[in-house]
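Visitor: everything below, folded, please.
(one chain, ligands or ions: 2)
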Amino acid sequence: MVSDGTLTPEALAERAAGNGVELWALTDHDEIGGQHRAAAAARANGMKYLTGTEISVTFANETVHIVGLGFDPDDAGMKRGLLKTRGGRGARAQEMAAGLAKVGIHGAYEGALGFVGNPELISRTHFARFLVESGACKDTHEVFRKYLTEGKPGYVPHRWASLRDAVHWITDAGGVAVIAHPGRYKFTANEEYALFLEFKAHGGRAIEVVTGSHTPAEYVEYADKALEFDFAASRGSDFHSPDESHTDLGKLPPLSGQLMPVWELLEDRIQ
Ligand code: AMP
Ligand code: MN
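Guide: Ligands and ions are numbered 1, 2, ... in the order given. Next comes the predicted model:
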């Protein structure tokens, strides 16, 4: 990955193919710089490929992730938009480090930077790796729980792109926009309803149903919502690294047969 994963696109492709994946998309956060490498690596490993990304947007004071699939990876508008949304990460990271310093954890900005391939993409995941490496916590889940989620010392909210802009960047570049792991947001039923309707009004066409971030009960809940809102359904591992992710590439259950798989909307974009 070229954002906060630990494996290269080539290593991910090999791992996915080894696990039986037939159609793969690499979805780095707010970044599409790895797309040509990933497509080539998919080809080399006998898999079909769809371009991918996962864009952070702010909706109802919460960060929501919008996956883009099947867009043109060289689209100028999309590249410009992603560059703009990455712009705030450096300053936010400094604020996160200041918050951690107040509870006795020093040098976190420099420590986290040590884990980032791309300084524009410094994320909570990199802070989590630093806190594990320095012995402050035993694993990244403990870091998020104690330090990096709302109300905790290293948490700094950030305004990302708008829902409207993210959906338009993706669709204007020929892709399909997908709401990532809808079960992970702390929305009320009304807020979630507003998210789905607004997303759809902007041209969004799918939601993630089966993902490493959902429980089996949520697979059922969001399959029902996909049918209710007439969304296509997506399936994604949210795999970041062998040590941190509980779901490996290609190991999730299939989508229920009633759903329209998102890749059927993208047949002409499959490489
Ligand atoms: P950021 O974009 O800097 O807010 O960081 C987002 C990253 O943090 C994503 O890669 C998420 O997968 C990861 N993340 C968010 N919440 C958690 C959590 N509770 N446990 C582990 N990782 C998380
Ligand atoms: Mn996500």
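Visitor: is it correct that Gly70 is in contact with Leu50?
Guide: Yes - Gly70 lies in contact with Leu50 (CB atoms under 8 Å); the separation is 5.0 Å. C-betas here are computed from N, CA, C, even on glycine.
Visitor: where do the contact lists of the two overlap?
Guide: When CB atoms under 8 Å, 6 or more residues apart in numbering defines a contact, the residues bordering Gly70 and Leu50 alike are 266, 269-270.
Visitor: near ligand 1, which residues of the stretch 101-250 of the chain?
Guide: Neighbours of ligand 1 within the stretch 101-250 of the chain, by CB under 6 Å from any ligand atom: 123-125, 140-141, 144, 149, 240.
Visitor: what segments of the stretch 51-200 of the chain are strands?
Guide: 52-59, 62-69, 176-179 (DSSP state E, counting those that start in this stretch).
Visitor: the shortest one pairs with which strands, and in what direction?
Guide: Pointing back at strand 176-179 there. strand 62-69 (antiparallel), strand 206-211 (parallel) (DSSP bridges).
Visitor: packed most tightly, which of those would that be?
Guide: When you average the neighbours per residue for each of those (mean count of other CB atoms under 10 Å), strand 206-211 leads with a mean of 26.
Visitor: pLDDT (mean, whole number) over it?
Guide: For strand 206-211, mean pLDDT is 98.
Visitor: mean pLDDT added to the strands of the stretch 51-200 of the chain, as TSV?
Guide: Output for these, formatted as TSV (pLDDT from 0 to 100):
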stretch	mean pLDDT
strand 52-59	96
strand 62-69	96
strand 176-179	98
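Visitor: how about a markdown table for those, with distance to ligand 2 added?
Guide: Formatted as a markdown table, the strands of the stretch 51-200 of the chain follow (distance: least, CB to the ion, whole Å):
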| stretch | distance to ligand 2 |
| --- | --- |
| strand 52-59 | 5 |
| strand 62-69 | 4 |
| strand 176-179 | 10 |
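Visitor: ok, back up a step: of the shared contacts of Gly70 and Leu50, just the buried ones, PyMOL syntax please.
Guide: Burial among the shared contacts of Gly70 and Leu50 is assessed by 16 or more other CB atoms under 10 Å; the matching PyMOL selection reads:
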select buried, resi 266+269
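Visitor: so which of the shared contacts of Gly70 and Leu50 belong to helices?
Guide: Counted as lying in helices by DSSP state H, out of these, is not a single one.
Visitor: list the contacts for Gly175?
Guide: Residues near Gly175 by CB under 8 Å, 6+ apart: 51, 68-72, 266, 269.
Visitor: now the buried members of the residues of the stretch 101-250 of the chain next to ligand 1.
Guide: Buried by 16+ other CB under 10 Å: 123-125, 140, 144, 240, out of those.
Visitor: helices - which of those land there?
Guide: Using DSSP H, those in helices are 124-125, 140.
Visitor: how close does Pro216 get to Asn190?
Guide: From Pro216 across to Asn190, the span is 25 Å (CB to CB, to the nearest Å).
Visitor: residue of the stretch 151-271 of the chain nearest ligand 1, please.
Guide: In the stretch 151-271 of the chain, no residue comes nearer to ligand 1 than His240, which is 6.0 Å away by CB to the nearest ligand atom.
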